Each structure stands twice: as C-alpha cells, then as structure tokens.
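In: dropping a prediction and its sequence here:
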Amino acid sequence: MGEDGERVIPVLNRVKLYLAVVLLQFGFAGLAIVAKFSFNKGMSQHVFVVYRHASATVLVAPFAILFERKTRPKMTRSILWKILLLGLLEPVIDQNLYYTGMKLTTASFTAAMSNMLPAFAFLMAWFFGLERLSIRSKHSQAKIVGTLVTVGGAMLMTLVKGPVLGLPWTESTSTHADSDGVVQKPIEGALMITLGCFCWASFFILQAITLKSYPAELTLTALICLTGTCLGAVFAFVMERSNFAAWSLQFDVKLLAVVYGGIVCSGMGYYIQGVVMQVKGPVFVTAFSPLQMVLVAILGSFILHEILYLGRVIGALVIVLGLYLVLWGKSKDQPATGSSEKQETLNLQLADTSFADGNAEAAASSYVVVDVTKVRPTEAV
C-alpha cells in the first residue's frame, strides 16, 4: 500500500500541472468571448485593461498579505525594477495591443494568432539560456523549423482569406458580425496581436527569471496587477481623454468582462502560471494555446456569430503544426532533466541509508556535508 502511494503521488503531481494549464486555457477562451462581446457593445479596450487589473489586485492582495507575510523575500532594487517591467510588458503593452487587435478582427482570429506565443517564448528562452539548442540535433532542428512554420502560418492567416465555411448556425446571420459597426482590419489587427504576443512571451521569460530570486507567487502577482493598474490608467486617460463616458460601468456584459478577466485570467492566471513555470518552465506554460483557439472558434461561431474562412482555418492548422514541432523537440529535453532529478533524489536516499548504517560520528559528518543549510559557523569549537 505504501509503495503504491509512493508511485501514485508523483503521477498526481504531474497530472495536476497539466490540469492547471488546461483549465487556464478554458479561462482564457471564456474571456476572449466575453471581452469581444463587450468591445462590440462599445467598451474601450484601454479602460477594460485598467479595470481588469484593478479587480485582480483587490482579489489577490489580501491573500498575499495573509499567506506570504512571513515567507516573502526582501524587496531589492533589482526585483523592484523587474516588477515594474513585468507590469508594463503584459498588463499594459501586451493587453492594449492584443485587445485592440481583437477589436479590429474577431475573437477566433485573435486566438489563432496567439499560437505564435510558444514560438516566441522558445526563442527568448533560448536567448536567455532557459532552453537548450544544438544545431546538429534533430530535436533542436525541429524547434527551429517549428518556429518558422508557426510564423508562416500566421502570415497565411493574415494574407489569405479564402471562401466562407458555411456553418448551419451562421448561414442565416452571416452579416451579424458587422451589425455593431465594427470595421474589421485583419492586417492591422494581426500586426498588433503579433507585437502583443512578443511582449507576452517577454513577460513569461522575465516572470520565470524573477521567480528565481523572488519566489513569492501571490505577492508577485499582486504587485504586477497593481503596477499594471497604475501604468495602464495613465495610458487609458491619455487615449480616452475626450471620452469620459468610457469609464462608466453598469451591471451588463462590460462589468462581467472586467470581473471575469480580473479574477480568472489576471489574478488566478498569473499565480498559476508562476507556480507551474517554476516546475516546468515558461515554454510548457505557453504550449497549450491551441486548445484556446479551438474553444474560441466553436464558441465564437455560436455566441458571436463569427464567420470562419478556409484560408484562416488552414493558417491556424499550419500554426498548430509548427507549434507541435517545437513541443516535440522540447519534449526530448525533458527526460534528461527528469533523470537528473531522479538521480539527485537517489543520492539523497543513499546518503540517508549511510546514516543508519554508520556510527554516530560518521552520520554527523555526513549530515554536515549533505545539509549545509543547517550548519552554523558558531557551532564549530
């Protein structure tokens, strides 16, 4: 029974990480639909970003104060600058570009373009030494080719429209997407989404680096959201300086989008990303974005009556193909990491066994070598 439990616990821990990122994609898909619906109803994307992170700050800050009060690392100037940059990269630059691109296109188009995120994250992780790359290795070649294929698929989605895919539930409402007066500009929208994904990937890499020196996920999440709220408010005031009505909220889909985005995608999302990232790395966290694309395409056609085009579907499939070339190449890096962790665990177990077999002095000596964190210089006589 004890051996079975020891075998089950590691499996549950691995499944827990996969389940967390899958549920995160469900949350992002829901926000894409709700946010696009609120934009079609006239909500400013710049104001939405501010309110979203303000609600996330209110949600996360009490938990950070309560649970990390005694374990929170000391704030240094370097960490402070990283937090300010994190708050600027994703909550302000990325989301304003991303949601402006969504406003100019459709929710399904935006979700499909977002599949470039893992490729950007891989390139930046390699640049900062968080990913391994060898030109002669087939796995590394797959990563490089996959990245190029992903970018090619994004260009195909942007430039090739193709015939309309007539779905039964969209045929009778094929013009509904334009009934709100929103003019679609796919090229401008795609450019903004691409730049937003680049900033989003930069955020993931910097978050992974920051967590190594400041491993307080709740506090870091709260500070990122607070920084994003303050900086985003300045930008939104500039962009909406002649439209003060944009800041008003009522009990409608706009308020739902703000609360949902703040709680699920900013508050819980940043925290879950940080926890999973410390175990599996930034590329793993971004690897499940195709699931969001599928969910948004289905829900968008039903709820928003968005029209699907053959060229964009083919481009999306090319992006997914490139993405999984990158993931296949990355998956071959995992066994080496896992084996090293198992070897380290085995070494510690062997060290513990030597304590029991040896005499008291040998055990004490081994203890000093293995667990240096419990040694105090003043104990030496």
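Out: Structure's in. What do you need? Residues are numbered from 1 along each chain as shown.

In: okay, CA-based contacts and neighbour counts for the rest of this
Out: Noted.

In: residues touching Gly196, list them.
Out: Ile93, Asp94, Gln95, Asn96, Leu97, Tyr98 (CA atoms under 8 Å, 6 or more residues apart in numbering).

In: inside helices: which ones of those?
Out: Gln95, Asn96, Leu97, Tyr98 (DSSP state H).

In: neighbours of the last one, how many?
Out: Okay, so that is Tyr98. Applying other CA atoms under 10 Å, we find 27 residues neighbouring Tyr98.

In: show me what contacts the residue lying closest to it once chain neighbours are set aside?
Out: Sequence neighbours aside, Ile193 is the residue nearest to Tyr98 in space, at 4.8 Å (criterion: CA to CA, 6 or more residues apart in numbering). Residues near Ile193 by CA under 8 Å, 6+ apart: Leu97, Tyr98, Tyr99, Gly101, Met102, Thr110, Met113, Ser114.

In: now the first one: how far from Thr110?
Out: When CA to CA, to the nearest Å is applied, the distance between Leu97 and Thr110 equals 11 Å.

In: contacts for stretch 147-164?
Out: Outside of stretch 147-164, the residues within contact range by CA under 8 Å, 6+ apart are 113, 115-116, 119-120, 186-187, 190, 307-323, 326.

In: so Leu89 touches Trp200, yeah?
Out: Yes. Leu89 is within contact range of Trp200, at 6.9 Å (criterion: CA atoms under 8 Å).

In: of the two, which one has the most company?
Out: More neighbours surround Trp200 than the other of Leu89 and Trp200, with 26 against 23 (other CA under 10 Å).

In: wait, that one sits on Leu117?
Out: Yes. Under the criterion of CA under 8 Å, Trp200 makes contact with Leu117 at 7.3 Å.

In: find residues that contact each of those two.
Out: When CA under 8 Å, 6+ apart defines a contact, no residue borders Trp200 and Leu117 alike.

In: sorry, back to before: ok, of the ones in helices among the contacts of Gly196, which one's closest to Tyr214?
Out: Gln95 (24.3 Å; CA to CA).

In: what sits against that closest one?
Out: Taking CA under 8 Å, 6+ apart as the contact definition, Gln95 lies against Val49, Gly196.

In: now the contacts of Ile193 in TSV, with pLDDT?
Out: As requested, the contacts of Ile193 are exported to TSV (pLDDT from 0 to 100):
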residue	pLDDT
Leu97	96
Tyr98	94
Tyr99	95
Gly101	93
Met102	92
Thr110	88
Met113	85
Ser114	84
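
In: tell me the mean pLDDT over stretch 240-260?
Out: Averaging the model's pLDDT scores along stretch 240-260 yields 91.

In: low-confidence stretches in the stretch 101-250 of the chain?
Out: Scanning the stretch 101-250 of the chain for pLDDT under 70 picks out the ranges 166-183.

In: where along it do the strands fall?
Out: Counting by DSSP state E, counting those that start in this stretch, the stretch 101-250 of the chain has these strands, from start to end: 164-165.

In: that one: helices as residue ranges?
Out: Secondary structure of the stretch 101-250 of the chain (DSSP state H, counting those that start in this stretch): helices at 107-113, 117-127, 138-159, 186-213, 217-239.

In: for Leu291, which of the ones you listed is the nearest?
Out: Ranking the helices of the stretch 101-250 of the chain by proximity to Leu291 (CA to CA) places helix 107-113 first, at 9.4 Å.

In: centre of the chain to that closest one, how far?
Out: In terms of CA atoms, centre = their mean, to the nearest Å, the centre of helix 107-113 is found 16 Å from the chain centre.

In: repeat for stretch 192-205
Out: When C-alpha coordinates are averaged (CA atoms, centre = their mean), stretch 192-205 and its chain have centres 10 Å apart.

In: pull the CA atoms of that stretch into CSV?
Out: Taking only C-alpha atoms (Å, rounded to 0.1, in the frame of the first residue of the first chain), the coordinates of stretch 192-205 have been written out as CSV:
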residue,chain,number,x,y,z
MET,A,192,-0.9,44.4,-33.2
ILE,A,193,-1.6,40.8,-32.0
THR,A,194,1.8,39.7,-33.1
LEU,A,195,3.5,42.6,-31.2
GLY,A,196,1.3,41.8,-28.2
CYS,A,197,2.4,38.1,-28.3
PHE,A,198,6.0,39.1,-28.4
CYS,A,199,5.5,41.3,-25.3
TRP,A,200,3.5,38.4,-23.7
ALA,A,201,6.4,36.0,-24.3
SER,A,202,8.8,38.5,-22.9
PHE,A,203,6.6,38.7,-19.8
PHE,A,204,6.8,34.9,-19.4
ILE,A,205,10.6,34.8,-19.6
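
In: residues touching the closest residue to Leu206 other than its chain neighbours, list them.
Out: Here the nearest residue to Leu206 in space, its sequence neighbours aside, is Leu86; by CA to CA, 6+ apart that works out to 7.0 Å. When the contact criterion is CA under 8 Å, 6+ apart, the partners of Leu86 are Phe203, Leu206, Gln207, Ile224.

In: out of the residues you listed, grab the one that's most surrounded.
Out: Note: the member of these with the most neighbours is Ile224, at 28 neighbours, neighbours being other CA under 10 Å.
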